[in-house]
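>>> Sequence first, then the predicted structure, then my questions.
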Amino acid sequence: MSMRTFLTIAAAGALFAITLSVGPSAADEAKLQRLQAEGIARLAIANEPPYTALSESGQVSGAAPDVSREIFRRLGVKDVSAVMSEYGAMIPGLKADRFDAITAGLFMKPERCTAVAYSEPMLCDTDALLVRKDNQKKFTSFADIGKDPTAIVGVPGGGTQERLALKVGVPRDRVLVIPDGQSGLKMVQDGRIDAYSLPILSINDLIRKANDPELEIVAPVLDAPVYCDGAAFNKGDEALRDAFDVELAKMKESGEFAKIIEPYGFSASAAMSTSREKLCAAN
Ligand code: 6CS
């Protein structure tokens, strides 16, 4: 090997080592700088109050976007916009650069944690069932639904409820994917499904707005875990995620995080009592 070749290889190796050791690369920082320059962060949401909501005039609200808007503002990104997505399409959409972050109550699960870069926890909840009072089947778990050969449960597409129902043995043809909360509510009211499953706070929101005395909530679903979401960023955008986490931690510490999420019914202490590391390791 000539001296020239040796020196070229050595220099390339040294440059590679330096890059690895100095933290986020210029490319990492570029994402935040792009968002600062554009003045807007595109958020994936499902329009499932109180997690996320999109008004007819296009106003984005809900606990997750409200926290994220404040954090992006602190990071020098003026505002946020919403991109509606089914839960099961959120991670593919993020990878396809349809949005810059998922802030929708996309609960941390190991398989999701390997696909995206989650922030620290924000919104915690567990599952509930929306049922008709005259539905005497008295389900208290997804396993109960599985045992009743006539029972059908409605779930959001690609959501944790769908995955859990199938996992505990509800056959595929009795786990019905329903596009949104209002459709799920109507199908329960019409007796076309026995139960519709969302997190507790989402079911409570549907019941409150439906103003139908024949509806009731079964909560918690006994075989559902407590979940927490985080804001989800693309793999490779860890510098942006880390900057988001710094501001999230400050807001948790100052009480501003609680001030935003608790009026929606969420518990700040629930999110502060756990971590991304614990939630991503949980089954
Ligand atoms: O993370 C999920 O999949 C679930 N999260 C919420 C807030 N609603 C339903 C969805 O399945």
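Structure received. Residues are numbered from 1 along each chain as shown.

>>> Any buried residues in stretch 184-191, and which?
Of all the residues in stretch 184-191, those buried under the rule 16 or more other C-beta atoms under 10 Å are 184-185, 187-189. All C-beta atoms are positioned from the backbone trio N, CA, C, and that covers glycine.

>>> Can you name the residue of the stretch 51-200 of the chain nearest the ligand?
Residue nearest to the ligand within the stretch 51-200 of the chain: residue 159 (2.1 Å; C-beta to the nearest ligand atom).

>>> Quick check: closest non-adjacent residue to that residue.
Residue nearest to residue 159 in three dimensions, not counting chain neighbours: residue 87, with 4.4 Å by C-beta to C-beta, 6 or more residues apart in numbering.

>>> Could you list the low-pLDDT ranges of this protein?
Counting by pLDDT under 70, the chain contains low-confidence residues at 1-28, 283.

>>> buried ones in stretch 201-216?
Counting neighbours by 16+ other C-beta under 10 Å, one finds that the buried residues in stretch 201-216 are 201-207, 210, 215-216.

>>> For residue 229, give the beta-bridge partners.
Partner residues in beta bridges with residue 229: residue 107, with DSSP bridges as the criterion.

>>> count of neighbours near it?
Using other C-beta atoms under 10 Å, residue 229 has 26 other residues around it.

>>> Tell me who's in contact with it.
Residue 229 makes contacts with 51, 64, 104-108, 121-124, as judged by C-beta atoms under 8 Å, 6 or more residues apart in numbering.

>>> and the gap between residue 257 and the ligand?
Distance check for residue 257 against the ligand: by C-beta to the nearest ligand atom, to the nearest Å, it reads 18 Å.

>>> cool, and residue 280?
Computed with C-beta to the nearest ligand atom, the distance linking residue 280 and the ligand is 13 Å.

>>> quick one on the thing from earlier: could you give the backbone dihedrals for the residue nearest to residue 159?
Listed backbone geometry of residue 87 is phi -50, psi -40, with angles given as degrees, to the nearest 10.

>>> wait, it sits on residue 161?
No: when contacts are counted by C-beta atoms under 8 Å, residue 87 is not listed as touching residue 161 (9.5 Å).

>>> all strands of the stretch 1-150 of the chain, in order?
Ranges of strands within the stretch 1-150 of the chain are 40-45, 53-54, 60-61, 79-84, 101-102, 116-118, 124-125, 127-132, based on DSSP state E, counting those that start in this stretch.
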